[in-house]
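Chemist: Sequence and computational prediction follow.
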Amino acid sequence: MQFRPNFAMERKHFLTLGAGLTVGGLLGKSALSNQSQQLQSPGTTAWENTKYNPHEPLPFAPETDALNPEKDSPYWDFVRSLFPLNPKITFLNNGTMGITPYPVLEALNKSFHNLAENAAYPMHDGSFEDQLAAIIGCKGSEIAITKNVSEGVNLACRAISLKRGDEVIITQHEHVGGCAAWLFRAKTEGIVLKIAALGNTAQETLANIKAVKTNKTKVVAVPHIPCTIGQILPVKEICTWARENNIISAIDGAHPLGMIAMDLHDMGCDYYSGCFHKWMLGPIGTGFFYAAENILQKSTIHHVAAYSVDTFNMSTVPPSLGELVPKTARYSYGTFPGPLYDGAKAAMQFYLKVGPTLIEKRVKHLSSTLMQGLMDRNAAAKSPSGNANPNGAIEEPSNPNSTPVLWKMHSSQGPIMQILTPLEVISRGAQVGFRIHEHPSKITDTQKAATASLPAGTSTPQASQRFCDFARKNNVILRYVAENDIHCVRVSTHYYNNLTDIQKFFEVLDAFLKQEGWN
């Protein structure tokens with residue numbers, strides 16, 4: 001397989017990796033090499049012979065459908081060709097890890113080789129922070145570069161002075177990286193965690209958070225978009241309320257960067273932790289920590305090294321240390337992973353080239369299409385009693401005790417599945433979480449009793465887990481959410497996905513449901 005790059009690169013950069021595998025061979029076919037390995041939208045071939053130039057705008061404009069540029073078109077076919085996606089795999093798990101596009105892989109490659117060939121020790125000049133700040137709406141001086149969200153959450157957690165009995169509002173829908181630091185302080189220091197439930201609307205979620213506040217509440221530490229069901233929380237309203245009540249806000253922002261527009265100053269949070277390896281499609285091992293300018297001097301810091309302080313001198317008596325640098329970068333210290341930074345910068349450039357507003361429309365369009373397909377299956381399904389409402393709504397069985405599955409007269413919750421991601425537009429992003437119910441014929445009396453005793457909002461593994469396993473065997477990659485006993489399927493759609501991917505997902509889902517006994 002030959003790789004013919006269409007941008008400047010010295011031939012010596014293509015070093016052999018193992019037995020005859022070159023970097024070019026590793027990257028494979030793409031629009032970078034005038035080839036493509038990806039499926040196209042029906043009838044589109046114009047992009048096949050188009051070259052990509054990282055220094056120029058994309059050669060296609062999303063104008064095939066001026067009113068709906070987010071729909072499949074030659075523009076999105078060309079963009080997809082810039083990703084090393086295996087055509088045999090339908091990848092719908094960007095919420096765990098994004099697929100890194102070729103321009104980012106190339107930036108990483110060039111930077112690693114520059115470091116090795118020219119002894120170019122990575123220097124840090126603040127341009128990374130400034131570039132990110134322009135995207136997320138803050139100052140570069142308010143950003144520290146981290147390895148991941150977990151590191152940022154820990155920095156925020158430890159930056160806040162708390163005493164035994166102080167309360168922190170958190171949710172049930174936390175990733176371990178978003179809650180372990182708070183759980184550890186609760187276990188070792190006696191702070192109290194108050195759990196707020198997510199609502200079906202932004203207003204309900206905000207009300208739930210307000211409802212658990214007491215006069216001991218000091219912090220609200222919630223996800224902007226939880227890893228479980230992809231719900232967008234009303235973080236601006238939460239942070240405004242927190243500030244009005246002298247409560248510190250610390251937001252877990254693992255998912256928004258690269259998915260939806262964000263402005264941290266407008267949001268008004270005190271701390272925010274994010275990463276590049278998910279929706280920004282940057283290299284694994286790159287993240288950021290934001291501490292607002294007005295809270296930095298109140299923030300505790302536990303680890304310092306090079307770049308944390310302005311001066312030090314071990315020859316004085318006693319040895320002397322200067323002051324902490326007056327910016328959040330004090331939390332970034334030691335040798336910087338220069339090539340990873342260059343890869344993350346290339347990811348931001350690629351994001352801006354594709355277009356932030358268009359990306360948000362695209363990912364929401366794809367997830368809405370997928371959610372509608374799930375609701376259609378609920379609405380068309382027969383209930384366990386064998387009846388279906390002619391208007392599409394599910395008819396409850398005549399004997400409520402004939403099945404442990406309870407559902408509302410709504411297509412988001414029917415006899416087949418329960419869609420957990422809110423239907424409300426402002427509460428939805430690029431992910432859909434849903435549970436597949438056990439078919440009544442498979443439910444034992446023991447399972448009925450176990451299900452009846454579950455806390456609200458939780459489930460048992462059963463069908464949802466089996467479906468994720470079934471999907472993977474059919475080369476469809478999803479996320480099974482087992483944590484916190486939520487036990488649901490999470491589907492993530494990024495802009496490189498298309499309707500072909502969604503159709504494949506439903507082919508596999510329908511096959512599984514038939515296997516389970518659903519009509």
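Modeler: Nice, I can see it. Numbers count the residues shown, from 1 in each chain.
Chemist: the helices in the stretch 51-200 of the chain, which residues?
Modeler: Under the criterion DSSP state H, counting those that start in this stretch, the stretch 51-200 of the chain contains helices at 74-80, 102-118, 127-136, 149-159, 176-189.
Chemist: Pairing partners for Val432 in the sheet, please.
Modeler: Bridge pairing for Val432 (DSSP bridges) gives the partners Val491.
Chemist: before we move on, the earlier item: okay, the helices of the stretch 51-200 of the chain in a markdown table with mean neighbour count, mean pLDDT and distance to Pro318 next?
Modeler: (Glycine included, C-beta is placed from N, CA and C.) Output for the helices of the stretch 51-200 of the chain, formatted as a markdown table (neighbours: other Cβ atoms under 10 Å; pLDDT from 0 to 100; distance: least, Cβ to Cβ, whole Å):
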| stretch | mean neighbour count | mean pLDDT | distance to Pro318 |
| --- | --- | --- | --- |
| helix 74-80 | 25 | 91 | 59 |
| helix 102-118 | 18 | 96 | 37 |
| helix 127-136 | 18 | 97 | 34 |
| helix 149-159 | 24 | 97 | 27 |
| helix 176-189 | 17 | 96 | 32 |
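Chemist: Of those, which is nearest Val325?
Modeler: Nearest to Val325 among the helices of the stretch 51-200 of the chain is helix 127-136; the distance by Cβ to Cβ comes to 12.2 Å.
Chemist: Name the residues that touch that closest one?
Modeler: With contact meaning Cβ atoms under 8 Å, 6 or more residues apart in numbering, helix 127-136 is reached by 139-145, 257, 262-264, 272, 274, 288, 290, 329, 341, 344-345, 348, 351-352, 356.
Chemist: Quick one, which of the residues you listed are buried?
Modeler: 139-145, 257, 262, 264, 272, 274, 288, 290, 329, 341, 344-345, 348, 351 (16 or more other Cβ atoms under 10 Å).
Chemist: Work out for me the element Met348 sits within.
Modeler: Taking DSSP states H and E as the definition, one finds Met348 inside helix 338-354.
Chemist: So what touches that helix?
Modeler: With Cβ under 8 Å, 6+ apart, helix 338-354 has contacts from 54, 57-58, 79, 100-101, 103-108, 110-112, 115, 120-124, 127-128, 131-132, 135, 145, 258, 276, 280-283, 285-286, 359, 495.
Chemist: how far does that helix sit from the chain's center?
Modeler: 17 Å (Cα atoms, centre = their mean, to the nearest Å).
Chemist: That helix vs helix 127-136, what angle?
Modeler: Going by axes from the mean of the first three to the mean of the last three Cα atoms, to 10 degrees, helix 338-354 is angled at 30 degrees with respect to helix 127-136.
Chemist: can you pull the contacts of Phe112?
Modeler: If you count contacts by Cβ under 8 Å, 6+ apart, then Phe112 has Pro339 around it.
Chemist: Would you mind listing the buried residues in stretch 488-506?
Modeler: Those would be 488-502, 504-505, for stretch 488-506 by 16+ other Cβ under 10 Å.
Chemist: swap that for stretch 216-230, please
Modeler: Buried-residue list, stretch 216-230, by 16+ other Cβ under 10 Å: 217-230.
Chemist: can you pull out the helices in the stretch 201-350 of the chain?
Modeler: 202-211, 235-244, 264-267, 293-296, 338-354.
Chemist: Compute the number of surrounding residues for His303.
Modeler: 11 (other Cβ atoms under 10 Å).
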